[in-house]
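>>> Below are the sequence and a predicted model; questions follow.
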There are 2 protein chains.
Amino acid sequence: MKDIAERLRLSQTTVSHVLTGKHEHYRISAATADRVRRAAREMGYRANALARAFRERRAYSAALAVEDLTNPFWTGVAIGAEREADREGYTLAVCNTARVEERERRVVALLRERRVDGLIVSPITVADRALLDLHREGYPFVQIDRSIRGVEYPCVRTDHARGSALAVDHLVRRGRRSLAYLGGPPEIQTYAYRLEGFRKALRRHGLRPASVCLIPPTPADAEAAAARLLRRRPRPDALYGANLFLTLGILRAVRRSGLRVPEDLEIVGFDDIATADLLALPVTTVAQDVEEIGRRAFRLLVDLMNGRPAPREVLLPPRLIAR
Amino acid sequence: MKDIAERLRLSQTTVSHVLTGKHEHYRISAATADRVRRAAREMGYRANALARAFRERRAYSAALAVEDLTNPFWTGVAIGAEREADREGYTLAVCNTARVEERERRVVALLRERRVDGLIVSPITVADRALLDLHREGYPFVQIDRSIRGVEYPCVRTDHARGSALAVDHLVRRGRRSLAYLGGPPEIQTYAYRLEGFRKALRRHGLRPASVCLIPPTPADAEAAAARLLRRRPRPDALYGANLFLTLGILRAVRRSGLRVPEDLEIVGFDDIATADLLALPVTTVAQDVEEIGRRAFRLLVDLMNGRPAPREVLLPPRLIAR
DNA sequence: ATGAAAGCGCTAACAA
DNA sequence: TTGTTAGCGCTTTCAT
């Protein structure tokens, strides 16, 4: 800017006004604005984003803390959020915490030290305490998939309960009566809502759960739990897995059991499976609009970062993919 | 820093020396260093990364341009790269270009405007021309999966040819003689090497390709091409898909054909499939160490960014997962 | 072993 | 319609 100003015998200020598009506001003459722009082009001027960020105290960057990029849910969220960030001129740092405490702390540090302007995160991925601290300090963040108490920042998530209801209704419609639930720990809000939805829907049909297994949400744990369920007499005629990894475990257990699907029992899982049509066993899924979650979250974050009000909760409808 | 200095009646310089860990070099007394650190803690000092980046002309951040976060290859790379970036104190911006030209341009602009210090990218994801420009301007980047001519910056990739050889050897060992190749356009170096490896390996066994289909690397295109192949007489007794999406298409075609695997034919695909054990048809895969690719790429990028020399090519061995 | 001072590139309040 | 000036928080050179 200085060089341009010198060459044009203008002040650096004027150049700045033009180059930042504020010439209207400062009533710079069209002719001058033109000269500045031309010179800038000729001289190969490139704005120094670092200087600008420093001066404005804003890096136009945000972070997305993800607990497992291996999970298509989070990949989808990342895609959506990144897309929106790009549209808004923000840089999005994607941080994979992999549920390692040390890495969670670093995400928060990132926000504080690198002066990232905002954060998209799901509680658990970053400990509640840290989030409450951030909240108190006024750092804007948007929650995904689940939320914590005592924070009026928004949460964007699928209507978990509704998803479970879709699953139950589907199974009951197909004549199943003995449904078993396999879900993660209900301390995690996600699973609490999914379980609650499951229970409520069953009640609506005048049924009771054949079983409710609360286990760590991994394929191995689900496989073991499902195997146990399948040995029970009477055997449940439907298994409902409350997330992708649980459903994969269920599928493995059923496959090993040699039972036939859908003759002997039916399987429904939360989260769609990309290769579902190629699997040996048919599985109905409750699909989430993951990219939309990411997009919405980022848009709300922008609102927050600009001091605009944002709703406390955005619920997206799930979709049943029957198979 | 100023506040700390005032409180301690020291100069800001001294405080800076201590807080940036350079007190050894500047021979600050241990006592002073201690006082400074204590005060910093008490006063809740947090370094302002924005100011530092501005002053040092580097943001300690890098970008990873990915063409499709939906592809586990890229997710794996992202996980690996992010992990390493974190270890090195860098922030990694993951950019999903989704093969949209406009978005590719933005990635390059990001680098130029210096919000990031370096780039990890695969050619095609960002057009060759843009990369050559960057190279000429001296901006550091590391290539992934494939590389362009005229650039001595490193490329980290799986040994594609070796992967194809693993596939061919496996099939021949199992008695297959009539192998068909389905791959993406050989203008993309990745596919060129995979095809070449396929051809060479066959020749080594005294065989010739039953067929070579060069198609867009999507499930739909592969499904159509594979269906055509399966109608041929004589029918190939093995199909080799040169990437994940091609292999998924092949699996669909074979499934619809009603042919039995492995009795009638066998399938091998480049890139592992997470749910392979649950699929209706067994599929052998050539697995890449995707996270390692990401990690290595980032480490090389750090070397480049610090002006250290880096090798032109890093080849990682693939691994056959027979099924 | 510590400090003074300059400056990184930009923005904005204010003056003219 | 344009310019003057100060300053953002930090690092670094040079002095002391």
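Right, received. Where do you want to start?
>>> Name the SS class of the spatially most central residue of chain A, please.
Centroid-nearest residue in chain A: residue A:77, 4.3 Å away (criterion: C-alpha atoms, centre = their mean). Recorded secondary structure, residue A:77: helix (DSSP: H, G, I helix; E, B strand; the rest coil).
>>> Run through the residues that contact it.
Contact analysis of residue A:77 by C-beta atoms under 8 Å, 6 or more residues apart in numbering or on different chains lists A:64, A:66, A:120, A:144, A:290, A:291, A:293, A:294, A:297. Where C-beta positions appear, they are placed from N, C-alpha and C, glycine not excepted.
>>> Can you sort out which of the residues you listed also neighbour DNA strand D?
Filtering the contacts of residue A:77 for proximity to DNA strand D by C-beta under 7 Å from any atom of the strand leaves nothing.
>>> Quick check: which of those are also close to chain B?
Among the contacts of residue A:77, no residue is within reach of chain B (C-beta under 8 Å from any C-beta of the partner chain).
>>> Tell me the residues of chain A that contact DNA strand D?
Counting by C-beta under 7 Å from any atom of the strand, the residues of chain A near DNA strand D are A:9-14, A:17, A:26-29, A:31-32, A:54-55, A:57.
>>> Next step: those restricted to helices.
Taking DSSP state H, the ones among the residues of chain A next to DNA strand D that sit in helices are A:12, A:13, A:14, A:17, A:26, A:31, A:32, A:54, A:55.
>>> which pair in these spans the largest distance?
Spanning the widest gap among these are A:31 and A:54, at 31.8 Å by C-beta to C-beta.
>>> okay, these two: which has more neighbours?
Per other C-beta atoms under 10 Å in any protein chain shown, whichever of residue A:31 and residue A:54 has more neighbours is residue A:54, with 20 against 8.
>>> residues contacting the nearest residue to that one once chain neighbours are set aside?
Of all residues not flanking residue A:54 in the chain, residue B:54 sits nearest, at 3.8 Å (C-beta to C-beta, 6 or more residues apart in numbering or on different chains). Residue B:54 sits next to A:50, A:51, A:53, A:54 when contact means C-beta under 8 Å, 6+ apart.
>>> Out of those residues, flag the one nearest to residue A:162.
Checking the contacts of residue B:54 against residue A:162 by C-beta to C-beta gives residue A:53 as the nearest, at 41.5 Å.
>>> What is the most widely separated pair among the contacts of residue B:54?
Farthest pair in those, by C-beta to C-beta: A:51 and A:53, 7.4 Å.
>>> For these two, indicate the residue with more neighbours.
Between residue A:51 and residue A:53, residue A:53 has the larger neighbour count (other C-beta under 10 Å), namely 23 against 16.
>>> C-alpha coordinates for stretch A:35-44, PDB please?
In PDB, the C-alpha atoms belonging to stretch A:35-44 read as follows (Å, rounded to 0.1, in the frame of the first residue of the first chain):
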ATOM      1  CA  ARG A  35      -5.800   4.600 -10.500                       C
ATOM      2  CA  VAL A  36      -5.200   2.800  -7.200                       C
ATOM      3  CA  ARG A  37      -6.700  -0.400  -8.400                       C
ATOM      4  CA  ARG A  38      -4.800  -0.300 -11.600                       C
ATOM      5  CA  ALA A  39      -1.500   0.400  -9.900                       C
ATOM      6  CA  ALA A  40      -2.300  -2.400  -7.400                       C
ATOM      7  CA  ARG A  41      -2.800  -4.800 -10.200                       C
ATOM      8  CA  GLU A  42       0.400  -3.700 -12.000                       C
ATOM      9  CA  MET A  43       2.500  -3.800  -9.000                       C
ATOM     10  CA  GLY A  44       1.200  -7.200  -8.000                       C
END
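>>> Distance of whichever residue of the stretch 101-250 of chain A sits closest to DNA strand C relative to residue A:191?
Residue nearest to DNA strand C within the stretch 101-250 of chain A (C-beta to the nearest atom of the strand): residue A:115, separated by 14.2 Å. As judged by C-beta to C-beta, to the nearest Å, residue A:115 and residue A:191 stand 35 Å apart.
>>> need the strands for chain A, in chain order.
For chain A, the strands defined by DSSP state E cover A:61-66, A:91-96, A:118-121, A:141-144, A:155-158, A:179-183, A:211-214, A:238-241, A:266-270, A:284-287, A:313-316, A:319-321.
>>> Buried ones among the ones in helices among the residues of chain A next to DNA strand D?
Among those, those buried by neighbour count (16 or more other C-beta atoms under 10 Å in any protein chain shown) are A:14, A:17, A:32, A:54.
>>> Verify the stated contact: the first one with residue A:28.
If I follow you right, that is residue A:14. Yes - assessed by C-beta atoms under 8 Å, residue A:14 is found in contact with residue A:28 at 6.2 Å.
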